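1. okay, sequence plus prediction incoming.
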Amino acid sequence: MPWKGEKDPYRIWLSEIILQQTRVQQGLGYYERFISAYPSVHDLAQASEDEVLKLWQGLGYYSRARNLHFTAKDIVQNYEGKFPQSYAKLLKLKGVGKYTAAAIASFAFDEAVAAVDGNVIRVLSRIYQIQEPFDTADGRKQFDVLANELTPKNWPGIFNQAMMDFGATVCTPKKPLCELCPFQKDCEAFKNNATNDLPVRKNRVQSKSRFFFAFHIEKNGSIAIEQRKGKDIWQGLYQLPWQEVKGFDGNMEKQIDEVAHGYFQSEDLNFYSFTEVFKQQLSHQKIHVVFVEIDAKNITDTQLNFIATRNLSTFAFPKIFILYLQGKKLILE
DNA sequence: AACTCGGGGGA
DNA sequence: TCCCCAGAGTT
């Protein structure tokens, strides 16, 4: 990992934002590309948000990218380009929560604060056999208190790294390597054959299904796209125009006809074709999309925003649109 | 406290 | 499918 042993708070910060809820393997390439594109916080601050989102495309949780860009500008404008050097001050930065503030403070500035991530929670829950759910205020506080008691004043950075590495490689979520674990004789969960039941999480909310028709409107080498605004998913990314519906009817042609006539001003619309259902599972939603190709020559809607198809790949799109556009050979990647 | 925010990979 | 991932912000 290129950020291991790193002392530059900018690089530590960048790596930690990328690694939030993200596996090292998945984040690695993104880290390299960000460092290459933005060697310093000043470079990142001078970029446009569209550019940052494009580089973040495919990594998910795009508020991380927006907050990353916001905080880079914040650092340059209000901190003279220098990261604050304590846990408490780092915590004030947008996108920097308790874990990330502790990681930066302990790695870069040797402050004795525990960086409690999923790995640390798993290790502690097993060694001490903590049955309390970790995703409640009370439970979470217990893990924080315990981790901070264990953190050595002299080498907090090494300790935090070690705890996470140990959780990621030995004390894994499934099939932990207890046979070679040096804590075997101390681990309450191992003694009681309870490693598989720890840590305890409260039930997650179930994900809901949503259904959309997305319109592929292309003319003279241009295609209609729009930027996503508001509070819904994928804020700031781009997409083909689409319309949400309650569900898909048995008669797809008829439903498309109705939806399209509600969506566009034009009276006579000609459809070329529609696709099978594209599906994407998110944390709390399952997205279903049918893509509809429409003959553009009768479309008179003035609010549609057309961009040259050769420039499509400069915009950040959600995964499900990437898949469609790749199938149409409109983007390569 | 509960909800929301992506996408990938392993079982 | 379900679960988890070097979590954080909003309501």
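-> In hand now; what should we look at? No experiment lies behind these values; they were computed from the predicted model shown. Residues are numbered from 1 along each chain as shown, chains lettered A, B, ... in the order given.

2. element containing the nearest residue to residue A:38 once chain neighbours are set aside, please.
-> Of all residues not flanking residue A:38 in the chain, residue A:44 sits nearest, at 4.0 Å (CB to CB, 6 or more residues apart in numbering). (Each C-beta comes from the backbone N, C-alpha and C, glycine too.) Assigned by DSSP states H and E, residue A:44 belongs to helix A:41-46.

3. right, and the helix or strand after that helix?
-> Scanning onward from helix A:41-46 (DSSP H and E), the first element met is helix A:49-56.

4. quick one: distance of that next one to the chain centre.
-> 13 Å (CA atoms, centre = their mean, to the nearest Å).

5. that helix and DNA strand C, are they touching?
-> No. Helix A:49-56 stays clear of DNA strand C (CB under 7 Å from any atom of the strand), getting no nearer than 13.4 Å.

6. residues from chain A in reach of DNA strand B?
-> A:21-23, A:25-26, A:58-63, A:136-138, A:174-175, A:202, A:205, A:231-235, A:280-285, A:318-320.

7. go again using 6 Å as the cut-off
-> Counting by CB under 6 Å from any atom of the strand, the residues of chain A lying close to DNA strand B are A:21-23, A:26, A:58-63, A:136-137, A:174, A:205, A:232-234, A:280, A:282-285, A:318-319.

8. which of those count as buried?
-> A:22, A:60, A:62, A:234, A:282, A:318 (16 or more other CB atoms under 10 Å).

9. can you list the residues of the stretch 101-250 of chain A near DNA strand C?
-> So the stretch 101-250 of chain A meets DNA strand C at A:117-119, A:122, A:164-165, A:168, A:173, A:201 (CB under 6 Å from any atom of the strand).

10. all strands for chain A, in order.
-> A:208-219, A:222-227, A:238-239, A:242-245, A:271-281, A:285-294, A:305-308 (DSSP state E).

11. so can I have TSV of those strands showing mean pLDDT and distance to residue A:89?
-> Output for those, formatted as TSV (pLDDT from 0 to 100; distance: least, CB to CB, whole Å):
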stretch	mean pLDDT	distance to residue A:89
strand A:208-219	95	39
strand A:222-227	96	34
strand A:238-239	98	36
strand A:242-245	96	43
strand A:271-281	93	38
strand A:285-294	96	36
strand A:305-308	96	42
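
12. could you check which residue of the stretch 201-333 of chain A lies nearest DNA strand C?
-> Proximity of the stretch 201-333 of chain A to DNA strand C (CB to the nearest atom of the strand) peaks at residue A:201, 5.4 Å away.

13. that residue and residue A:118, how far apart?
-> 10 Å (CB to CB, to the nearest Å).

14. of these two, who's got more company?
-> More neighbours surround residue A:118 than the other of residue A:201 and residue A:118, with 15 against 12 (other CB atoms under 10 Å).
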